[in-house]
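In: sequence and predicted model, in that order:
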Amino acid sequence: MSFEIQGLREFLNELQKLPDEMTDEATAIVQAHAKDAQREIVNDYPEVTGTLKRSVSYDDQSRSRVSARAVVRSRAFHVWMFENGTRQRKTSRGWNRGAAKAAPVSEKAIVAAMAHRSRMIAALIALVRRAGFEVYQRND
């Protein structure tokens, strides 16, 4: 099976010609939503030792004229266990270590991240529409 996308090279060339103000505004939108997501995630995480809160970072990875990227991540070694919980565990000697319950939905980072991503996409769509582009959304 094969397919061909006609006009892709021309489209990419046109993207290179976008006004600087538009690319600057798009980058600002992405960065602002990432920083807001970071703040909300830090505020929602519980304060036990502080590792979960301290380990959430924001990284601006915008390196291109036609893309904007920011990454919010936690480098805490136990963040996956906090978010998802664990099953019943035992040591190699058979000692019971129990199971960890998953975090309540109100404290899960994914909930905040998805909400911020949705608002960011809406803001980017509005930006592109203001510039005269037509944008169609699929909901599948």
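Out: Received the coordinates, thanks.
In: next, the residue sitting furthest away from the middle of the chain: phi, psi?
Out: Note on the chain: the largest C-alpha distance from the chain mean falls to residue 93, namely 40.4 Å (CA atoms, centre = their mean). Note on residue 93: its backbone torsions stand at phi -90, psi 0 [degrees, to the nearest 10].
In: now do it, the pLDDT please.
Out: Reading off the confidence values, residue 93 has pLDDT 90.
In: just to confirm, which helix or strand has residue 72 in it?
Out: In the assignment (DSSP states H and E), residue 72 maps to strand 70-74.
In: list the neighbouring strands of that strand plus their orientation.
Out: Partner strands and pairing direction for strand 70-74 (DSSP bridges) are strand 56-60 (antiparallel).
In: neighbouring contacts of the strand it pairs with?
Out: If you take CB atoms under 8 Å, 6 or more residues apart in numbering as the criterion, strand 56-60 is touched by 31, 34-35, 38, 41-42, 45, 69-76, 109. Where you see a C-beta, it was placed from the backbone N, CA and C, and this is true even at glycine.
In: and stretch 64-78, by the same measure?
Out: Under the criterion CB under 8 Å, 6+ apart, residues 12, 15-16, 18, 23, 26-27, 29-31, 33-35, 37-38, 41, 51-52, 54-63, 82, 109, 113 lie in contact with stretch 64-78.
In: neighbours of residue 86, just the number please.
Out: 15 (other CB atoms under 10 Å).
In: hmm, I typed the wrong one, I wanted residue 41.
Out: Count around residue 41 with other CB under 10 Å applied: 24.
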